[in-house]
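Enquirer: Fold the following for me, if possible:
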Amino acid sequence: MKLRSVIATVIRMGLMNLILVIGCVSCSTIFKDQSYCPKGVSLMFNYNYNMEYVNSFPTKVHCVSVYVFDENGQFVDLYEETSKLLRHEDYRMDMELNAGRYTLLAYGGLACPENSFDITSYQTKSSGSSINDMYVNLRHDDFTSDKSLHGLFYGATEIEVPSTDDYIKDTVYMVKNTNNIRLVLQQMNGKSLESDDFIFSITDDNSCLDKTNAVISKGMVTYKPWAKGETIVGVAEDGETPISVAYAELSTSRLTTGTSPILRVQNAETGEDIINIPLNNYLLLLKSDLYSDMDSQEFLDRESEWSLVFFLDDGLRWINTKIVVNNWVVRINHSEM
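Expert: Predicted structure coming up:
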């Protein structure tokens, strides 16, 4: 019995060593004809370009599409994943590619059933599609959008697949292109407000994004609320009467320093402007106080969930000396706006 045990142990150790040796030898070393050896890239995805500086790709991105272009900018192939595999932090997309240089454009959200953007069609290699024709366009109804936009993420990387090795590894870093903006109106005297008494809108020329994720002018889009209503925030001085504020939520495409989105709140009865401001300037007030060392575009890209509270007087006029942005009270210096 001891002899059999020794023999079995020797055999197991020999097999383990053989597996280790094979695992350390590339396919190109084994086969002279390397056509048997798959080549390409094993691609990992990372979305840590947020205010938490944490990779949120597994929880935020539920589908991903990777468009592959050769060194001449011609379309090669499209790879997509929509399964629960994306929830794993170590997920990699393996793409079999011939030796050469490639540009990879990755989009999160396009392949999901609820996606809010359309992309230029790249279906066949014979179509002659070029990377210069790559555009992502917001779905809208005659330049009006009142939907909660499904998250859109973008990333790009350049790789070189060698002719003498197997899969190389690379990571594409993503940026989020969609924003949710919650507007809250509160009357300083404590009286309740009704959301139907106001018209909320954001206008911006940001419905089209190119291969570099830059905004391409296609005309002004009006974003309207996808949700609005009232909510209780406390009680009046009598300790009993509830204080109700009006709110609206709007969803927009990418905010950039190169465009000038306008936030507008009107009196629904008179049409008079209550608030009419350059949105980016007011969002960036928060950066001035807390993230002064951060580039303005980086700040707009890292943050995607915004909350702005405006205070109104008895005549429903905006008291424009302060604003609350993402729970931070910001004093307004109008000479800088």
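
Enquirer: how about the helices in this structure?
Expert: Assigned by DSSP state H, the chain shows helices spanning 2-24, 27-30, 57-60, 279-290, 296-302.

Enquirer: Give the buried residues for the fourth one.
Expert: Of all the residues in helix 279-290, those buried under the rule 16 or more other CB atoms under 10 Å are 279-280, 282-287. C-beta here means a position set from N, CA and C on the backbone, and glycine is covered the same way.

Enquirer: Pick the one among these closest to Ser42.
Expert: Nearest to Ser42 among those, counting by CB to CB, is Lys287 at 36.9 Å.

Enquirer: Double-check the closest one against Phe299; I have them as touching.
Expert: Yes: assessed by CB atoms under 8 Å, Lys287 is found in contact with Phe299 at 4.4 Å.

Enquirer: for the chain, where's the lowest mean pLDDT among helices and strands?
Expert: None of the helices or strands of the chain scores lower by mean pLDDT, DSSP states H and E than helix 2-24, at a mean of 48.

Enquirer: Just give the closest residue to Lys224, not the sequence neighbours.
Expert: Using CB to CB, 6 or more residues apart in numbering and skipping the chain neighbours, the partner closest in space to Lys224 is Asp146 (4.1 Å).

Enquirer: typo on my end, it should be Asp313
Expert: Ile319 (5.6 Å).

Enquirer: list the contacts for that neighbour?
Expert: 188, 311-313 (CB atoms under 8 Å, 6 or more residues apart in numbering).

Enquirer: Buried members of those into ChimeraX, please.
Expert: Here is the ChimeraX command that selects the buried residues among the contacts of Ile319 (16+ other CB under 10 Å):
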select :311,312
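
Enquirer: Closest to Phe153 out of the contacts of Ile319?
Expert: So of those, ranked by how close each gets to Phe153 (CB to CB), first place is Phe311, at 34.9 Å.

Enquirer: shouldn't the closest one be in contact with Trp318?
Expert: Yes: using CB under 8 Å, Phe311 makes contact with Trp318 at a distance of 7.4 Å.

Enquirer: Just give the closest residue to Asn276, not the sequence neighbours.
Expert: Leaving out its chain neighbours, the residue that sits closest to Asn276 by CB to CB, 6+ apart is Arg264, at 5.1 Å.

Enquirer: who's in contact with that neighbour?
Expert: With contact taken as CB under 8 Å, 6+ apart, Arg264 is in contact with 199-203, 273, 275-276.

Enquirer: Quick one, which of these are buried?
Expert: Among the contacts of Arg264, those buried by neighbour count (16+ other CB under 10 Å) are 199-203, 275.

Enquirer: Take these and keep only those in strands.
Expert: 199-203, 275 (DSSP state E).

Enquirer: Of the residues you listed, just say which sits nearest to Cys63.
Expert: Checking those against Cys63 by CB to CB gives Ile202 as the nearest, at 26.7 Å.

Enquirer: low-scoring stretches of the stretch 151-300 of the chain, by residue?
Expert: Scanning the stretch 151-300 of the chain for pLDDT under 70 picks out 236-239, 289.

Enquirer: how about the strands of it, start to end?
Expert: 153-161, 167-173, 175-176, 179-187, 198-204, 208-209, 215-216, 221-223, 227-235, 242-252, 262-267, 273-278 (DSSP state E, counting those that start in this stretch).

Enquirer: can you list these in CSV and add distance to Ser56?
Expert: Converted to CSV, these look like this (distance: least, CB to CB, whole Å):
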stretch, distance to Ser56
strand 153-161, 10
strand 167-173, 12
strand 175-176, 9
strand 179-187, 15
strand 198-204, 25
strand 208-209, 21
strand 215-216, 24
strand 221-223, 24
strand 227-235, 23
strand 242-252, 18
strand 262-267, 27
strand 273-278, 29
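
Enquirer: for these, which one sits closest to Leu110?
Expert: Closest to Leu110 of the strands of the stretch 151-300 of the chain, according to CB to CB: strand 153-161, at 9.1 Å.

Enquirer: Much appreciated, bye for now.
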